[in-house]
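Peer 1: curious how this folds, go ahead:
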Amino acid sequence: MKITGTTDQTALQVDNGTTVLNGGLILGTSSHTPPLNSNDPGTKGEVRFDTDYIYIYVDDNVWKRSSLSTW
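Peer 2: Residues are numbered from 1 along each chain as shown. All right, here's what the predicted structure looks like:
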């Protein structure tokens with residue numbers, strides 16, 4: 001499935017268990033498996049999470065993370 005807003009922007013794409021939002025953030029079947037190290041391989045825009053952090057792959061072998069808390 002692919003929904004497009006304009007010719008240069010994909011609003012939503014779902015393919016083989018992977019969801020791409022706004023052509024950037026990628027949620028897939030491994031979303032619940034965090035990277036083991038900050039330099040693990042990934043796909044630019046990939047998002048993963050666990051009970052403590054959300055992880056985003058921002059560049060070649062560069063993961064960044066932010067802690068999660070209750071409110």
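
Peer 1: can you give me the buried ones in stretch 53-69?
Peer 2: By 16 or more other Cβ atoms under 10 Å, the buried positions in stretch 53-69 come out as 55-57, 63, 65. Just so you know, the C-beta spots here come from the backbone N, C-alpha and C atoms, and that holds for glycine as well.

Peer 1: in strands, which of the residues you listed fall?
Peer 2: Members of the buried residues of stretch 53-69 lying in strands (criterion: DSSP state E): 55-57, 63, 65.

Peer 1: and of those residues, the nearest to residue 47?
Peer 2: residue 56 (5.5 Å; Cβ to Cβ).

Peer 1: tell me the two of the buried residues of stretch 53-69 that are most distant?
Peer 2: Greatest spatial distance in these: 57 and 65, 10.4 Å, computed using Cβ to Cβ.

Peer 1: before we move on, the earlier item: ok, so of the ones in strands among the buried residues of stretch 53-69, who is nearest residue 45?
Peer 2: Among those, and counting by Cβ to Cβ, the member closest to residue 45 is residue 57, at 6.7 Å.

Peer 1: identify the bridge partners of that closest one.
Peer 2: Beta-bridge partners for residue 57, by DSSP bridges, are residue 63.

Peer 1: same thing with residue 67?
Peer 2: Going by DSSP bridges, residue 67 forms beta bridges with residue 53.

Peer 1: residue 44 touches residue 62, doesn't it?
Peer 2: No: contact criterion Cβ atoms under 8 Å: residue 44 and residue 62 do not qualify, at 9.3 Å.

Peer 1: hmm, back to that, what's the closest of the ones in strands among the buried residues of stretch 53-69 to residue 39?
Peer 2: residue 63 (7.4 Å).

Peer 1: return the distance of that closest one relative to residue 32.
Peer 2: According to Cβ to Cβ, to the nearest Å, residue 63 stands 15 Å off from residue 32.

Peer 1: same question, residue 62
Peer 2: Per Cβ to Cβ, residue 62 is found 21 Å from residue 32.

Peer 1: output the below-cut-off pLDDT ranges for this protein.
Peer 2: The chain contains residues with pLDDT under 70 at 1-30.
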